[in-house]
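Asker: how would this look folded up:
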Amino acid sequence: MKKVNNNFSSARRNFLRRQRKDKFFVGFWQIATLVIFLGLWELLAGVGAIDPFFFSCPSRIAVTIVDLAGSGNLFIHIWTSLYETLIGFLIATALGFIIAVLLWWSERLRKILEPYLIILNSLPKIALGPMIIFWVGSGSGATIVMCVLICVIITTISMLNAFIACDSDKILLMKSMHANKFQILFKLIIPNALPEFVSVLKINVGMSWVGTIMGEYLSSKAGLGYLINYGSQILKLDIVMASIVLLCVLAGGMYFLVAPLEKRYKKNG
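Answerer: Just a heads-up that it's a prediction; the model follows:
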């Protein structure tokens, strides 16, 4: 018995050791890939293989970010975009989830509205930009509305499909135990859809930033989208690239806040 336990402990140690090695390997090459990419970019710009005016380079981007920070306006632009994105992300996720629940609850309502959801999802939201400005005015309000419009339909469709995909046999089992629709929703349907909900959160991180930048392009006087638009208008592409880099950093930060939810669910599952 002791020998079996020792073998089991040895196998577990080997397994954990391999997991640590794999984690280190992935993390190392994630960082190395970024370093190699930035190094090649800087090298190609330095030797003239690419024109720094059109493509910029890491050193020029870093200098531009420092200059923008020194002027005191950079943090206003960052906060404006981050605030608009977070508000839009939260409203769209909550609203889409609630709409999906209502459509699951009423099959007739779902059949009536489902075609319109598909049509709205295929509609280019930028086409509604002028109307949004007339409805809510320019500034952060219009940007948040644009962000919500881009994310809410995707959230609704994804969550509705997850609700409908629940095993019908499990639903019948709960009904045979005299569970009402409210109990079926909270004890079976929603827990079963948690993996899809986490996936929706990850998708909405990217889509909410798309909505924010689109909204700031249209009507904002602050934010990273405004900086991108301003830099392109005055032909200072270093400002454009610096804004894009900051956008990637902020979007990555939001993603890494959401990603642990998936790991926690898998662990609990």
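Asker: tell me the contacts of residue 100?
Answerer: Residues near residue 100 by CB atoms under 8 Å, 6 or more residues apart in numbering: 155, 156, 157, 158, 159, 160, 163. Placement of C-beta: from N, CA and C, glycine included.
Asker: show me where the stretch 1-150 of the chain has strands.
Answerer: With DSSP state E, counting those that start in this stretch as the definition, the stretch 1-150 of the chain shows no strands.
Asker: What are the boundaries of the helices in it?
Answerer: 2-46, 52-55, 58-71, 74-105, 107-122, 129-136, 140-164 (DSSP state H, counting those that start in this stretch).
Asker: Could you identify which of those is most buried?
Answerer: Mean neighbour count, computed with mean count of other CB atoms under 10 Å, is highest for helix 140-164 among the helices of the stretch 1-150 of the chain, reaching a mean of 23.
Asker: Which elements pack onto the helix or strand where residue 205 lies?
Answerer: In this assignment (DSSP states H and E), residue 205 forms part of helix 194-219. Where contact means 3 or more CB pairs under 8 Å, 6 or more residues apart in numbering; DSSP states H and E, helix 194-219 is packed against helix 74-105, helix 129-136, helix 140-164, helix 224-233, helix 237-268.
Asker: picking up where we left off before, so which of the helices of the stretch 1-150 of the chain comes closest to residue 201?
Answerer: helix 74-105 (6.7 Å; CB to CB).
Asker: which one of the contacts of residue 100 is nearest residue 33?
Answerer: residue 158 (30.0 Å).
Asker: Please report how far the closest one lies from residue 90.
Answerer: Using CB to CB, to the nearest Å, residue 158 is found at 17 Å from residue 90.
Asker: what do you get for residue 196?
Answerer: 18 Å.
Asker: ditto for residue 180
Answerer: Taking CB to CB, one finds residue 180 at 30 Å from residue 90.
Asker: for residue 118, same thing?
Answerer: 25 Å.
Asker: next one: residue 143
Answerer: Distance from residue 143 to residue 90, counting by CB to CB: 14 Å.
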